[in-house]
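**Student:** Compute the structure for the input listed below.
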Amino acid sequence: MTALFFLTSRTPDLVKKGVFIFSMLLFFQVNAQKFWLTTYEFPGGYKTCIAIAGDSTLYAATPAGIIRSFNQGFRFDTTLKVSNINCLFTYGSSSILAGGYGRIYRSFNNGNDWDTIALNNNYPVLKIIRKQNGNLFAITGATDNNGFSGAGVYYSNNNGSNWTQRNNGLGAFLCVDAIEADKNGRLYIAVADELATGNAGLFYSDNEGQQWNHVDIVIDGQMVINDNIQVIKTTGLTVSPQDSLYISFEGAAINTLVYLNLHKSINDISSNSNWDKIKIGNSSSWWMDKQIGPIHFARNGDRYSSFAGSMNVGGTVFSKTGNGWHRHDEGLGLDITGMRNIQQFVETSTGKIFMVQYADERIYVTDTSRVIPTEVIDIHKPLSDCKVYPNPFFYQLTFSHSDNEHISVSLYNFLGQQVLQQTFVNSATINTAQFEYGIYFYELRNNKGLIANGKVIRQ
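**Tutor:** Below you'll find the model as predicted:
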């Protein structure tokens, strides 16, 4: 449905206001049907990866380099002009690492200045992680006409100034698909093996990657396929907040090809107990499930992942609890080949999710898992004592409270940026004529903490 409105200087103000309200309602109704929206802009061509620093600074990699936005995607600039960036990783408030081919780029001031550290190979750096002790790890790997190859795992204990290989225990299998660390400091990697020999697959290390130990993948084959699985290629490896390790891969059960999504407690990884299966698709052959990518566990418990495929097959998969997964493609575009691809997710402290789909130019955003506030409300004060009016508001917005105490009000726009902070006693009326139209979020606090929060609309 398309609505066209023609407003002139002779149109009565009341009509103009009514048309605007109707337009806003139509906008929200149409967009409410979309699981994904896009950021205001997303320049530079197709995207390969995304990262976020704090709540506002977004980074994304394009064929020409790294773009950066300080306002959650409203405007971007180019912060590094270099090709073939495969991964981005941020830590602290201003440190960012980028993985290229045989080199790692590093900045400690939000991408204003960069230095380059060369590795002793020319393989793509696929992922970089940082453990709680500050040690950095990077993985390399390539899949091409020559098969699966790579230079294994790299380690740095000086913020990435120097990198050394740590591949003991991996043998000749150095194409590493994924790396994760759990709360105890244990490392996990997934290693590719095109011949499905059973010697690659999942490994763990309890000593900073100085020795890697192979993990057998054993399931209950239900007398349909063999219980012992050999990993060929991994699409997803994730440690959950509930201390389980999730792995998704293509593999072989002797002479049977399998596509599986499995999980197991981190406390049982070294045991020979069975892995539990996760059902994603609706295939009657449970061992031929849809391989999902890494799982993003949102702050509110929601789970996001994805699987590749055609327009009517691939997309985002979403679950509230992990017991049932649902495919979503509302608002989702296609990559440069006309397909749906594996997705990567990052999140703000308020639960806003940003996403890029590999080789798709857009940067997506959803408020499906948004949480406001991110802290426990102080129950000493009933919320009914607080009043915010009118809602929707036009040129003035009033906050009031029944007790004679100092109350701090903060107002945030839809991007999460604070646009107002003021302290009042009993009530405060704010001139909002300079505010842009749209949704705003407010928080009221006293000296004990948060007492009320909510959403208002500027019309």
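**Student:** Residue 134 and residue 157 touch, don't they?
**Tutor:** Yes: between residue 134 and residue 157 there is a contact at 7.3 Å, judged by CB atoms under 8 Å. For every residue, glycine as well, the C-beta is placed using N, CA and C.
**Student:** These two: which is more packed in?
**Tutor:** residue 157 (14 against 11; other CB atoms under 10 Å).
**Student:** For the more buried one, which non-adjacent residue is spatially closest?
**Tutor:** Leaving aside its sequence neighbours, residue 157 sits nearest to residue 135 (CB to CB, 6 or more residues apart in numbering; 5.2 Å).
**Student:** Look up how far residue 211 lies from the one you found.
**Tutor:** With the distance defined as CB to CB, to the nearest Å, residue 135 ends up 15 Å from residue 211.
**Student:** Let me know the helix or strand that residue 430 is in.
**Tutor:** Residue 430 belongs to strand 427-431 when assigned by DSSP states H and E.
**Student:** Any chance you could give me the helix or strand following that strand in PDB, C-alpha atoms only?
**Tutor:** The helix or strand immediately downstream of strand 427-431 is strand 438-446, counting by DSSP H and E. Presented in PDB, the C-alpha positions along strand 438-446 are these (Å, rounded to 0.1, in the frame of the first residue of the first chain):
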ATOM      1  CA  GLY A 438      10.000  10.200  16.400                       C
ATOM      2  CA  ILE A 439      10.300   7.900  19.400                       C
ATOM      3  CA  TYR A 440      12.100   8.900  22.600                       C
ATOM      4  CA  PHE A 441      12.800   6.900  25.800                       C
ATOM      5  CA  TYR A 442      12.900   8.400  29.300                       C
ATOM      6  CA  GLU A 443      14.400   7.400  32.600                       C
ATOM      7  CA  LEU A 444      13.500   9.000  36.000                       C
ATOM      8  CA  ARG A 445      15.900   8.400  38.900                       C
ATOM      9  CA  ASN A 446      16.200   9.500  42.500                       C
END
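**Student:** Parallel or antiparallel, which strands does strand 438-446 pair with?
**Tutor:** Its sheet considered, strand 438-446 pairs with strand 406-412 (antiparallel), strand 449-458 (antiparallel) by DSSP bridges.
**Student:** From the rest of the structure, what touches it?
**Tutor:** With contacts defined as CB atoms under 8 Å, 6 or more residues apart in numbering, strand 438-446 is touched by 372-373, 378, 381, 386, 388, 399, 401, 405-414, 419, 450-458.
**Student:** Burial check on residue 447, number of neighbours?
**Tutor:** There are 9 residues near residue 447, going by other CB under 10 Å.
**Student:** tell me, what residue is most central in this structure?
**Tutor:** Nearest residue to the geometric centre of the chain (CA atoms, centre = their mean): residue 345, 1.8 Å.
**Student:** Between residue 135 and residue 211, point out the one with more neighbours.
**Tutor:** Using other CB under 10 Å as the criterion, residue 135 and residue 211 rank with residue 135 on top: 18 against 13.
**Student:** On the pLDDT front, check that one for me.
**Tutor:** Looking at residue 135, its pLDDT stands at 98.
**Student:** Please tell me I have it right and it contacts residue 155.
**Tutor:** Yes: if you go by CB under 8 Å, residue 135 and residue 155 touch, sitting 6.8 Å apart.
**Student:** list the residues that contact both of these two?
**Tutor:** Joint contacts of residue 135 and residue 155 (CB under 8 Å, 6+ apart) are residue 208.
**Student:** how about the helices of the stretch 1-150 of the chain, start to end?
**Tutor:** All helices of the stretch 1-150 of the chain, identified by DSSP state H, counting those that start in this stretch, fall at 13-32.
**Student:** just for it, where's the confidence low?
**Tutor:** 1-33 (pLDDT under 70).
**Student:** Which parts of it are strands?
**Tutor:** 37-38, 49-53, 57-62, 65-69, 77-80, 87-91, 95-99, 103-107, 115-118, 125-130, 136-140, 142-144, 147-149 (DSSP state E, counting those that start in this stretch).
**Student:** Partner strands of the first one and their direction?
**Tutor:** Strand pairing for strand 37-38, determined by DSSP bridges: strand 364-366 (antiparallel).
**Student:** and the partner strand, what's its mean pLDDT?
**Tutor:** 94.
**Student:** List the buried residues of stretch 218-226.
**Tutor:** For stretch 218-226, the neighbour count (16 or more other CB atoms under 10 Å) marks 218, 219, 221, 225, 226 as buried.
**Student:** Tell me which two in those residues are the farthest apart.
**Tutor:** Maximum pairwise distance in the buried residues of stretch 218-226, criterion CB to CB, is 11.9 Å, between 218 and 225.
**Student:** Secondary structure class of residue 221, three-state.
**Tutor:** When classified by DSSP: H, G, I helix; E, B strand; the rest coil, residue 221 comes out as coil.
**Student:** Show me the strands in the stretch 301-450 of the chain, by range?
**Tutor:** 303-307, 315-319, 326-328, 343-347, 353-357, 364-366, 386-389, 396-401, 406-412, 418-425, 427-431, 438-446, 449-458.
**Student:** Looking at the ones you listed, spot the one closest to residue 230.
**Tutor:** Nearest of the strands of the stretch 301-450 of the chain to residue 230, taken as CB to CB: strand 303-307 at 21.4 Å.
**Student:** helices or strands up against that closest one?
**Tutor:** With contacts taken as 3 or more CB pairs under 8 Å, 6 or more residues apart in numbering; DSSP states H and E, strand 303-307 sits against strand 296-297, strand 315-319, strand 343-347, strand 353-357.
**Student:** Could you chop this protein up by domain?
**Tutor:** Here the domain assignment for the chain is 37-366, 383-458, based on automatic domain parsing.
**Student:** Buried ones in stretch 131-150, by neighbour count?
**Tutor:** Within stretch 131-150, the residues scored as buried using 16+ other CB under 10 Å are 135, 136, 137, 138, 139, 140, 141, 142, 148, 149, 150.
**Student:** What is the burial count for residue 184?
**Tutor:** Counted with other CB under 10 Å, residues neighbouring residue 184 total 10.
**Student:** From what I see, residue 315 and residue 331 are in contact.
**Tutor:** No: if you go by CB under 8 Å, residue 315 and residue 331 don't touch, sitting 10.5 Å apart.
**Student:** Neighbour count for these two, which is higher?
**Tutor:** Per other CB under 10 Å, whichever of residue 315 and residue 331 has more neighbours is residue 315, with 24 against 17.
**Student:** Report the separation between that one and residue 36.
**Tutor:** In terms of CB to CB, residue 315 sits 10 Å off from residue 36.
**Student:** what sits in contact with each of the two?
**Tutor:** Counting by CB under 8 Å, 6+ apart, the residues touching both residue 315 and residue 36 are 328, 332.
**Student:** Many thanks, we can stop here.
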